[in-house]
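S.K.: My questions concern the predicted model and sequence given below.
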Amino acid sequence: MGKFSQSVKVKLRNWLEIDKGMNPLTVRIIEPMDFDANVFKNQIWYRGDPSELHQFYTTIDDMMGNTKFWAATATNGVDFRKIHTGLPALIVDVLTGIVLDDMNELDFDNTKGKQRWEEMEKELPDDFWKDIFKQALYLGDGAIKFSFHPEESPYPIPEFYPADQVKFVFVHGKIKKIIFKNPYEFSEGRFELHEIYDEHGIDYELYSPTWEKENLLDYPEFAHLKPISKSQAYMMAVPVIFGSSPKYKGRGKSLFDGKEDAFDSFDEAFSQWIEALRDNRTKTFIPDKMIPRDPKRGDLLKPNTFDSRFIKITGSGAETANNTIDVKQGQVDGEGLMAAYMAALDLCLQGLVSPATLGIDVKKMDNAEAQREKEKATLYTRNKIVKLAEKVIPDIISTALKIMDTAAGKPYQEYEITCSFGEYANPSFESVVETVGKAKQYGVMSNERIIEEMYGDSLDEEEKKEEIRRLNERDGLIPMQQPAAVNEFDLPPITQTMPPIEQMTNGNG
């Protein structure tokens with residue numbers, strides 16, 4: 001019976017021609033910005049100029065009705081002030097500073113290579129490393145290219161190109177070429193020179209304003225550019241990619257990606273706060289008969305739109321009229337404005353950095369332990385930057401040394417360079433002493449470990465050994481050194497001074 005009913009179901013389904021497959025869903029989404037426009041937007045946020053932010057967001061169409069604060073324009077003739085807090089640039093600058101200011105001395109496996117790099121480093125700008133990582137953080141990525149001009153410098157010259165001037169060519173998930181884009185203005189329009197770096201050398205291509213490939217020999221400006229070919233396989237350029245963009249494959253992820261709405265809301269909350277303070281200043285209502293006049297021309301003085309110092313009301317000329325000046329004090333919803341401000345600030349800093357790192361004390365009653373807990377957000381972001389720096393900085397230095405080897409006409413060497421960074425948000429020295437002291441008291445920490453935990457890199461190896469020896473002597477782990485015997489003939493002569501006559505005679509003469 002079961003087999004028969006099953007057969008009937010199959011035949012019925014085939015007869016009805018029921019198709020269980022569903023039609024695939026097709027959704028067409030238009031990106032409001034390409035990669036270069038997104039990079040330009042991040043540059044505008046870092047620059048922090050309110051006029052530029054206003055112009056940018058009132059020019060583009062975000063396909064959401066341009067409802068952002070920076071896209072809003074004055075309506076009904078009522079102007080309002082737009083204020084930018086500068087928070088995005090502050091985040092990038094502080095994070096870059098707390099990482100690179102803690103960079104330890106580089107460790108080289110080759111003494112000669114170290115000496116050559118130290119000489120080359122003297123010709124670099126003071127904030128060379130900081131400038132690279134700042135741009136990588138707020139743009140997402142970039143690349144360093146080396147050019148060699150013996151007439152200008154005996155060392156390779158590194159130049160950082162931001163994300164909008166760099167293109168990466170991937171083969172099987174690895175970067176095989178880095179294209180550096182250089183714009184040139186001619187009478188015909190804007191040309192773009194591409195410098196193509198790969199493992200075998202450097203090549204050049206020139207593109208016209210209509211994106212047609214041009215012949216470099218037709219332009220005297222590029223006569224000095226000649227392709228470079230080398231047998232030694234290494235690239236004379238180093239990519240600097242922070243994170244991984246979920247939107248643009250193979251590109252980095254800016255710290256600002258996904259935070260623009262939060263930054264926009266934060267600026268709006270602060271601007272509304274200042275606008276509320278301006279609107280709720282003390283206002284003086286004065287009858288028109290009593291408004292101050294210009295002492296020279298006799299014209300009525302107009303109230304200042306900035307401070308609204310007085311407002312005209314119609315006065316009556318009747319004898320029983322009471323023409324008085326009325327002063328009104330506005331009311332500001334401070335708690336509501338503060339709540340909106342703090343909510344927007346939390347969204348801006350969420351997952352990036354702690355308020356305490358930026359010097360923002362949101363809760364003045366927090367103790368030291370609570371403040372250190374807040375620093376964990378900073379530590380997560382700092383670790384990402386440190387991981388990138390530990391890879392990129394040695395690669396840049398190693399590439400520079402390889403280029404110097406090639407320029408000298410000899411095979412390049414492989415240089416092992418280690419870049420390390422100090423700890424961040426360490427507990428205070430008093431807290432370390434208390435913790436280490438308890439560990440010593442319970443007998444769970446050796447004297448060697450005690451010195452390492454307390455002093456770290458602040459003492460050199462000889463000073464640490466001396467401190468360990470003193471502790472071991474005090475604990476009786478090694479015999480205490482006895483003071484050397486002193487020869488009486490080595491002692492300085494004793495000089496006896498006679499007391500004054502008054503003391504000898506006891507004042508009796």
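M.R.: That came through, no problem.
S.K.: Could you use CA atoms for every contact and neighbour count after this?
M.R.: Will do.
S.K.: what bridges to Glu237?
M.R.: Just so we're on the same page, residue 237 is Ala rather than Glu. With DSSP bridges as the criterion, Ala237 is bridged to Lys145.
S.K.: Can you give me every residue that contacts it?
M.R.: By Cα atoms under 8 Å, 6 or more residues apart in numbering, the residues touching Ala237 are Ala143, Ile144, Lys145, Phe146, Ile178, Tyr197, Ile396, Thr399.
S.K.: and stretch 107-124, which residues are buried?
M.R.: Phe108, Gly113, Lys114, Trp117, Met120 (16 or more other Cα atoms under 10 Å).
S.K.: Where does the fourth one fall, secondary structure wise?
M.R.: What it means is Trp117. helix 111-121 (DSSP states H and E).
S.K.: Name the residues that touch the helix or strand that that helix is followed by?
M.R.: Following helix 111-121 in sequence order, the next helix or strand is helix 128-139 (DSSP H and E). Residues from elsewhere that reach helix 128-139 (Cα under 8 Å, 6+ apart): 39, 42-43, 46, 92-93, 96-97, 100, 141-142, 160, 162-163, 240-242, 252-256.
S.K.: count of neighbours near Pro355?
M.R.: 20 (other Cα atoms under 10 Å).
S.K.: Okay, now the unreliable bits of the stretch 401-509 of the chain?
M.R.: Residues of the stretch 401-509 of the chain meeting the criterion pLDDT under 70: 424-431, 457-458, 479-509.
S.K.: repeat that for 80
M.R.: 422-440, 442-444, 453-460, 475-509 (pLDDT under 80).
S.K.: related to what we said a few turns ago, need the buried ones from the contacts of helix 128-139 selected in ChimeraX.
M.R.: Buried residues within the contacts of helix 128-139, by 16+ other Cα under 10 Å, are selected in ChimeraX with:
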select :39,42,43,46,92,93,96,100,141,142,160,162,163,240,241,242,252,253,254,255,256
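S.K.: So which of the contacts of helix 128-139 are in strands?
M.R.: Among the contacts of helix 128-139, the ones falling in strands (DSSP state E) are Asp141, Gly142, Phe160, Pro162, Val240, Ile241.
S.K.: The third one - nearest residue in space that isn't next to it in sequence?
M.R.: Read that as Phe160. Ile144 (4.5 Å; Cα to Cα, 6 or more residues apart in numbering).
S.K.: Sketch out the low-pLDDT regions of the chain for me.
M.R.: Using pLDDT under 80, the chain drops low at 1-25, 65-66, 74-80, 148-152, 278-334, 361-375, 422-440, 442-444, 453-460, 475-509.
S.K.: Grab the nearest non-local neighbour of Ala269.
M.R.: Tyr341 is the one closest to Ala269 (Cα to Cα, 6+ apart), at 5.4 Å.
S.K.: Give me the buried positions along the strand or helix carrying the one you found.
M.R.: Element membership of Tyr341 [criterion: DSSP H and E] is helix 334-349. For helix 334-349, burial by neighbour count (16+ other Cα under 10 Å) applies to Leu337, Ala340, Tyr341, Met342, Ala344, Leu345, Leu347, Cys348, Leu349.
S.K.: Next: stretch 158-170.
M.R.: Pro158, Phe160, Tyr161, Pro162, Ala163, Asp164, Gln165, Val166, Lys167, Phe168.
S.K.: can you tell me how far the fourth one sits from Val94?
M.R.: Okay, so that is Pro162. Distance, Pro162 to Val94, by Cα to Cα, to the nearest Å: 20 Å.
S.K.: do the first one as well
M.R.: With the distance defined as Cα to Cα, Pro158 ends up 25 Å from Val94.
S.K.: all helices for the stretch 301-450 of the chain, in order.
M.R.: Applying DSSP state H, counting those that start in this stretch to the stretch 301-450 of the chain gives helices spanning 334-349, 368-374, 376-407, 429-441, 447-455.
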